[in-house]
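**Q** sharing a model prediction with you, sequence too.
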Amino acid sequence: MVKFNTLLVRGGDVHDNDTGAVNVPVYNSSTYPTRNSVETLCAELENGDRGFAFSSGMAAIHAALSIFKPGDHVIIGDNIYGGTFRLVNDFLKPMGIEFSEVDTRDINAVKAAITPATKAIYFEPVTNPLLHVSSVKQISAVAKNHDLLVIVDNTFLSPYLQQPLDLGADMVVHSATKYLSGHSDIMAGIVVTKGKELGERVYLTQNAVGAVLAPQEASILRRGIQTLNIRMDRHLENTQKIIDYLQKSPKVAKINYPTIDKTSVEYKIIRDETHGAGGVLSFELQPGLDAKEFVNNLNLFVLAVSLGAAESLVEVPAFMSHFEIPKPERLKMGIKDELIRLSIGLEDISDLTADLDTAFAKI
Ligand SMILES: *Cc1c(COP(=O)(O)O)cnc(C)c1O
């Protein structure tokens, strides 16, 4: 088996002896070598047995959670992606599947939420926008003791920074719209499974529901994945420099990124279970400073809710991604009006800090 960085570039190969094409051609064919290739590639990158490519991250998460039946109980992280909450609350709960929201950082809270009907634990190891960190290892150990499945949304870290199946998880999902494709130009989702049975159950949903990834998108995704390593390295490098910059600003009250406090449990988990905490961070302006005014004065940072792309993005969770949550609840979650979230891109760092300089000067 070749190393990870080689797999990124060469994995999932389809050898086309007719044309001798170097890359996997876009077969505009309704039976699907281009998709198969990226599915194999993702299974290899996550060290799983089977990969499945979907038309969006949400379609992938739906497929992952479709393996449960009415009466089953699933523990979910209390800070997971908003769209996943919508799928759970408005779609899966009415079908009779039960869910408990738990702060998965607290392993005792996870244990306490297990009931005889519990089948699985679903969570994000690093959450948005507060960068809470949960241990895949610890949660998987608890799950094994109780015969539960562990499903991890690995969108934030990507297999370059963490391989949850190697830490004990059973299934990994991705919004490949983010780091895996990496250029904000497609929507895609991935599920990777371990073991025969799980693979068959997810395949049933993929085949029966049909939210599959089209050949052109599969090819764009494969191309994005080829540069995941160098992109993630630059995301990490730029993120650290932005943190250094923000730490010097008197207008910043707090920065959320798990490696800042080297004495924290979260730092230890990042050190032991990942190769880095990714390219997303958030920070609070000093009380009373206007986050909306701040972001409106940014030029290079694009105002948008997505993440994981070549370009740097900024958003204000209280007024954008988390606007639907009533303010008291939002505050209880720790999302203040002054909170700003950055997805750090690949631009020259001095241009990014100059952009922040301008916006800080205006508030
Ligand atoms: C964006 C995102 C999703 C949803 O993916 P789409 O491709 O937008 O459907 C799921 N989980 C996380 C963590 C995300 O950031």
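**A** Thanks, I have it.

**Q** which one is the most centrally placed residue in the chain nearest to, not counting chain neighbours?
**A** Nearest to the mean C-alpha position of the chain, by C-alpha atoms, centre = their mean, lies residue 155 at 1.9 Å. Distances taken as C-beta to C-beta, 6 or more residues apart in numbering put residue 175 closest to residue 155, at 4.5 Å, once the chain neighbours are dropped. C-beta coordinates here come from the backbone N, C-alpha and C atoms, glycine included.

**Q** same question for residue 67.
**A** residue 201 (4.4 Å).

**Q** mind saving the C-alpha coords of the helix or strand in which the one you found is found as PDB?
**A** For residue 201, the enclosing helix or strand under DSSP states H and E is helix 196-209. Provided in PDB are the C-alpha atoms of helix 196-209 (Å, rounded to 0.1, in the frame of the first residue of the first chain):
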ATOM      1  CA  LYS A 196     -19.700  -5.700   5.000                       C
ATOM      2  CA  GLU A 197     -23.100  -5.100   6.700                       C
ATOM      3  CA  LEU A 198     -22.800  -1.300   7.100                       C
ATOM      4  CA  GLY A 199     -21.700  -1.000   3.500                       C
ATOM      5  CA  GLU A 200     -24.700  -3.000   2.300                       C
ATOM      6  CA  ARG A 201     -27.100  -0.900   4.300                       C
ATOM      7  CA  VAL A 202     -25.700   2.400   3.000                       C
ATOM      8  CA  TYR A 203     -25.600   1.100  -0.600                       C
ATOM      9  CA  LEU A 204     -29.300   0.200  -0.300                       C
ATOM     10  CA  THR A 205     -30.100   3.800   0.500                       C
ATOM     11  CA  GLN A 206     -27.800   5.200  -2.200                       C
ATOM     12  CA  ASN A 207     -29.300   2.900  -4.800                       C
ATOM     13  CA  ALA A 208     -32.900   3.100  -3.600                       C
ATOM     14  CA  VAL A 209     -33.000   6.900  -3.000                       C
END
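
**Q** after it, next one along is what?
**A** Per DSSP H and E, the first helix or strand lying C-terminal to helix 196-209 is helix 215-226.

**Q** pretty sure the residue nearest to residue 155 contacts residue 56?
**A** Yes. Residue 175 is within contact range of residue 56, at 7.4 Å (criterion: C-beta atoms under 8 Å).

**Q** give the contact list for the closest residue to residue 45 other than its chain neighbours.
**A** Distances taken as C-beta to C-beta, 6+ apart put residue 159 closest to residue 45, at 4.3 Å, once the chain neighbours are dropped. Residue 159 sits next to 4, 42, 45, 46, 172, 228 when contact means C-beta atoms under 8 Å, 6 or more residues apart in numbering.

**Q** and residue 16, by the same measure?
**A** 24, 25.

**Q** pretty sure it belongs to a strand, no?
**A** No. Going by DSSP: H, G, I helix; E, B strand; the rest coil, the assignment for residue 16 is coil, not a strand.

**Q** give me the element the closest residue in space to residue 255 that isn't next to it in sequence is part of.
**A** Closest residue to residue 255 apart from its sequence neighbours, by C-beta to C-beta, 6+ apart: residue 283 at 4.5 Å. Applying DSSP H and E as the criterion places residue 283 in strand 280-285.

**Q** what's the mean pLDDT across that strand?
**A** For strand 280-285, the mean per-residue pLDDT is 98.
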